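1. Sequence and predicted structure below; questions after.
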Amino acid sequence: MTEPESSRSRPEGAYDVFLSFRGEDNRKTFTDHLYTALVQAGIHTFRDDDALPRGEEISHHLLRAIRESKISIVVFSKGYASSRWCLNELVEILKCKNRKTGQIVLPIFYDIDPSDVRKQTGSFAEAFDKHEERFEEKLVKEWRKALEDAGNLSGWSLNDMANGHEAKFIKEIIKDVLNKLEPKYLYVPEHLVGMDRLSRKIFDFLSTATDDVRIVGIHGMPGIGKTTTAQVVFNQLCYEFEGSSFLSDVNERSKQVNGLVPLQKQLLHDILNQYVANFDCADRGKVLIKERLRRKRVLVVADDVAHPDQLNALMGDRSWFGPRSRLIITTRYSSLLREADQTYQIEELKPDESLQLFSRHAFKDNKPAEDYIELSKKAVDFCGGLPLALKVIGALLYRENKDRWESKIDNMSRIPNHDIQGKLLISYHALDGELQRAFLDIACFFIGIEKEYVAKVLGARCCYNPEVVLETLRERSLIQFHVCIIEDERLLSRTGRTVTMHDLLRDMGREVVCNASPLLLGKRTRIWNKDDAWNVLDHQKGTDVVEGLALDVRASEVKSLSTGSFAEMKFLNLLQINGVHLTGSFELLSKELMWLCWHECRLKYFPSDFALDNLAVLDMQCCDLKELWEGKKILNKLKILDLSYSWNLIKTPNLHSSGLEKLKLEGCSSLVEVHQSIGNLTSLVFLNLDGCCSLKILPESVGNVKSLKTLNISSCSQLEKLPERMGDMESLTELLADGIENEQVLSSIGQLKHVRWLSLCGNSWAPPSSSLISAGVLNGKPWLRLKRLELSNAGLSDHATKCVDLSGLSALEVLDLSRNKFSSLPFGIGFCPKLWSLSVYECEYLVSILDLPSSLECLVASHCKSLKRVRIPSEPKKELYIELFDSYSLEEIQGIEDLIYFFWDFTVEAHSHSRNKLPKSVVEVMCNGRHQYLIFDIRGEMPNWLSYRGEGCLLSFHIPPVFHGLVVWFFILDRYSAIDNAIIIIIRNKSNGIQLFKESRVTAETEGWIRYIRRSEMAMEDYCADDELELCMSSEPAEDALRIGWQVEPVHFKECGVHVIAEKLDSFEESAVGRDKVKSSPPPYHLLPHPHSGSITASTPKQWSDYLFPKLPRHSLGLIYGPGAFD
């Protein structure tokens, strides 16, 4: 196994792109233009130029540039192979790629055909004639191998793209490079120490090429580096999978109400990177994860798991994920890792490692300053090899003078070695007062909460800029920001940043609060524990020391309290009382409240004597309020007002605020009036009215809110019109209007010229309406800035699409037409030059998908039961993903031959009652032999025209000197469970027993397979002409069965067959010319004589497919096809 290099942040000064080219060919033309375009796009590029003086070997500087670049672009030109220097560079570039560093190699075939590079023909042949005279045979072979490998990579050819226009060609390359540079990996601090050995072990185990789903467990004490180790391994592996997801802080996040559901949504969103169906229970999430991910090869990390229920909700069974998937679990509790294939315990750092990590944070160097060595050793001894303590204490001492070091280390020496929290406490005491308050607020109330929400509360609490406060705490290694899935206002999903904190630091902060008043709960500054909070309030023990209190009794039977419980809490700033029923005078509550979170408040009217002047966030979701207050209120400090799902709310309050930024009224189904004072909210950027189904009119004053960016009026089914002045709102860029049927409202939407995201989907629970078309919303509207258009379930029939013209949407990037009833796509899609994502999911009447733009990167056409024909764009993007699950009428995919080097994945699944054929166009491309393929769950009988067939598990056969590949076909007597057995295919030389091919594969329960084996997969150097070969089928217990200790019955094979595909010599890399020195010209796709039924000859791949696939009755059929599908 090649040792992995870390794929975390690259060294300072490293490059995004290394540009290799032959200077004499295009230094002042194409390459110069490409380099300029890369730099102008902000891509840090190293340009090698062979006009510079050269030594005999590549310099250290150049080697470093190659190794530290994320992408290597190799410009192949006619003279490239004549340069010894270019060839040596290419060898080094491919070595880096093969070291599993995540580096990408992108070949550009400028004025040369890829086959000339691959086979060293044309001008490359002339160059190598000279090389063979001047250089050693070993070196020349190394160059040839490098060119062959590079020629097989997915790349760009000027002759095939952009009609030979260099400017367009360069533009497409820049787009592709920018897309590839978008990081999948996680932020990991630079200069990690002591993790290489363990991360290398885990990497080696997980990167072993086996088809089973492997699970690794990482366990150890808190703060020891479990999460960081998992992050390092994730970064090393994530680019090798179809999808990846890192689920951080699982234990803490799952403690929230219904907390497992957002984690499940993040898992689906991270991997699918598209629409995630709405669900609100973990059991439904389990089903969706299995349905959507069971065929995908994925990498999933569940970080900080503390309970079996958490694992069951996220990775309940290996069958949820596709073959070769890898799962990583980090936990304090080794008992949770019984199902893991391998477990690793993280130990404390060694003394030298501890000193290095400490120095990185205390001195920004790998070693301490000379006169601080002894003091550093004392500090390191104090930390006891715990990485978290070393980082926090190191950051504490950074830039301090020697006297301060001695004073702080002296204080440390008084703390017992086992007291981890005591060690971390030193970093807390080093914060100033405002930072301490913010740290304790987060530790007690706001872990896992959206950063923007937290910032609004902290901004009211401290005199500092809250963003500066949060960033300072992050720099001190006291908090972190994590990207995760948060609920979208449309019940979909969106990414956001939440504030997180290590459990040890959280506990340390809470311990600070407890230690200030160990016995008297009412004299603590913050009360977060439910039992403690109830005790203080029920017995009225609160004092003016209390600054924050959180109590959630929504799941409790006893919920009533008196406002007198708060009478002594004069300086209470932060209050959460979810589910509490308060009685009494609200004058007794603190007038200093800045955060009030009161979900499920049962009051009908908000108390008039409740002082709200200092509130920054008023969070009243799911309450019984009919009206917030009577009369006018001026609340200039209020930033967020959330009344979502307050079903009895009739009207919004008369509110004047110069600071309100978000107003959330989602699900307020009784709301009939939005007060005209909304026009005075001069800072409002977000207004959510989704589900306000009784609302008929929006006040004209909404048009005065020039700051408004996002408006959601989805499911406002009674809405009669939009304010006339909204068309002039330049800041309004997102309009969500799902389920709107009123033609006047829809017509006015067409006047919103500045919208960039427009959603006009139908409601899933109601029949689609034709109002969208009647209103003419989609009839050539000049939405020049529109980037995202969602029209799912919008009632688009064939008649409707005749009225739709999308050709004017020049900026459109994402189009969702799912669940509509047209048989052909609306006009104009092919004229959308920036469209990269198109979904026609569950368009049951759709027959053909034609005229797609060349910019397309993703086509989702699953469950299109009538779909027969798909036409690939004539100049497709380099990476095109097509999803066609359950589109079982598919007959033809035109242009698929252009995707030979562009496919990620292609999957066809037949329906359970289907008798369909695999699309012939797909078969034809499969038969060209450039890719492996596997078809499983074949049923029926083996066709009698196979070259060789026989009963049982052994079969002898011959192959000609020149052939293209083998089709191996077998059936078994009884279906077997995938957890029990792995099927083994061996092809060996019968005379000497040497294996030419071996593969072991665990798949889903099946009756038969077809596996196409390319010549290049076989060890043909061990084969002599005319030797008899033998196919040997067998089985062995799968690793799961061995680990559990089950007794497994072997598989019994009914019959097996081999079919030899021979082809005339052409441009394929599988050609035997030059390897076997045999020249032959058999008929193309000659099917060798069957030993029993004579010979069959098919002159074209299409004829070959006619023989192969019409005779296959099948329950289901899955096809894995594409570059690297079996790597």
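-> Here it is on my side, so go on.

2. distance between the ends of stretch 712-721?
-> With C-alpha to C-alpha, to the nearest Å as the measure, stretch 712-721 spans 14 Å from end to end.

3. Report the buried residues of that stretch.
-> Across stretch 712-721, burial judged by 16 or more other C-beta atoms under 10 Å covers 712-717, 719. Bear in mind the C-beta positions are built from the backbone N, C-alpha and C, glycine included.

4. What is the most widely separated pair among those?
-> Spanning the widest gap among those are Asn712 and Ser717, at 13.9 Å by C-beta to C-beta.

5. would you say Arg437 is within a helix?
-> Yes - applying DSSP: H, G, I helix; E, B strand; the rest coil, one finds Arg437 inside a helix.

6. still on that earlier bit, take the buried residues of stretch 712-721 and keep only those in strands.
-> Counted as lying in strands by DSSP state E, out of those, are Asn712.

7. Report the secondary structure state of Arg988.
-> Arg988 - assigned by three-state DSSP - is strand.

8. what's the closest non-adjacent residue to it?
-> Spatial nearest neighbour of Arg988, excluding adjacent residues (C-beta to C-beta, 6 or more residues apart in numbering): Gln995 at 4.7 Å.

9. Would you mind giving the buried residues of stretch 712-721 as CSV with distance to Ile93 and pLDDT added?
-> Converted to CSV, these look like this (distance: C-beta to C-beta, whole Å; pLDDT from 0 to 100):
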residue, distance to Ile93, pLDDT
Asn712, 49, 95
Ile713, 54, 94
Ser714, 51, 92
Ser715, 55, 90
Cys716, 57, 92
Ser717, 60, 89
Leu719, 59, 91
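
10. Output the buried residues of stretch 712-721 as a markdown table; include the columns distance to Val860.
-> Listed next are these as a markdown table, based on distance: C-beta to C-beta, whole Å:
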| residue | distance to Val860 |
| --- | --- |
| Asn712 | 24 |
| Ile713 | 27 |
| Ser714 | 22 |
| Ser715 | 24 |
| Cys716 | 28 |
| Ser717 | 28 |
| Leu719 | 31 |
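
11. Can you give me the domain boundaries for this structure?
-> If you go by automatic domain parsing, the domain ranges for the chain are 17-181, 196-345, 351-429, 433-509, 522-593, 605-722, 920-1120.

12. before we move on, the earlier item: if I look at the residue nearest to Arg988, how far off is Leu337?
-> 36 Å (C-beta to C-beta, to the nearest Å).

13. higher neighbour count, these two?
-> Leu337 (21 against 13; other C-beta atoms under 10 Å).

14. Give me the neighbour count for the residue nearest to that one when sequence neighbours are not counted.
-> The shortest distance from Leu337 to any non-neighbouring residue, by C-beta to C-beta, 6+ apart, is to Gly217 (3.3 Å). Neighbour count of Gly217, defined by other C-beta under 10 Å: 23.

15. Within the helices and strands, which one has Gly217?
-> Secondary structure from DSSP states H and E places Gly217 in strand 214-219.

16. Sheet-wise, list the partners of that strand with their directions.
-> Sheet partners assigned to strand 214-219 using DSSP bridges are listed as strand 326-331 (parallel), strand 342-345 (parallel).

17. What ranges does the stretch 501-650 of the chain have for its helices?
-> 503-516, 530-538 (DSSP state H, counting those that start in this stretch).

18. now what about the first one, what contacts it?
-> By C-beta atoms under 8 Å, 6 or more residues apart in numbering, the surrounding residues in contact with helix 503-516 are 222-223, 252, 304, 388, 392, 420-421, 424-425, 428, 439-440, 442-444, 447, 478-479, 501, 523-526, 528.

19. buried ones in that helix?
-> 503-513.

20. Take the residues you listed and write them to CSV, including pLDDT and distance to Phe30.
-> Putting the buried residues of helix 503-516 into CSV (pLDDT from 0 to 100; distance: C-beta to C-beta, whole Å) gives the following:
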residue, pLDDT, distance to Phe30
Asp503, 79, 55
Leu504, 80, 56
Leu505, 87, 54
Arg506, 89, 56
Asp507, 86, 60
Met508, 89, 59
Gly509, 93, 59
Arg510, 93, 63
Glu511, 90, 65
Val512, 93, 64
Val513, 96, 65
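
21. Dihedrals phi and psi, the nearest residue to Ile987 once chain neighbours are set aside?
-> Take Ile987 and drop its neighbours on the chain: the residue closest to it by C-beta to C-beta, 6+ apart is Phe997, 4.2 Å away. When read as degrees, to the nearest 10, the backbone of Phe997 gives phi -160, psi 140.

22. ok, Phe997 touching Ile984?
-> No - applying C-beta atoms under 8 Å, one finds Phe997 not in contact with Ile984, separated by 10.9 Å.

23. Need the overlap of contacts for the two.
-> Residues touching both Phe997 and Ile984 (C-beta under 8 Å, 6+ apart): none.

24. hey, which of the strands paired with strand 214-219 is tucked in deepest?
-> Greatest average neighbour count among these goes to strand 326-331 (a mean of 26), per mean count of other C-beta atoms under 10 Å.

25. how about low-confidence regions in the stretch 851-1000 of the chain?
-> Applying pLDDT under 70 to the stretch 851-1000 of the chain flags residues 875-879, 885-886, 896-945, 974-981.

26. all helices of it, in order?
-> Going by DSSP H, counting those that start in this stretch, the stretch 851-1000 of the chain shows helices at 920-926.

27. Compare the domains of the chain and give me the one nearest Ser807.
-> Comparing the domains of the chain by C-beta to C-beta, domain 17-181 comes nearest, at 20.2 Å.
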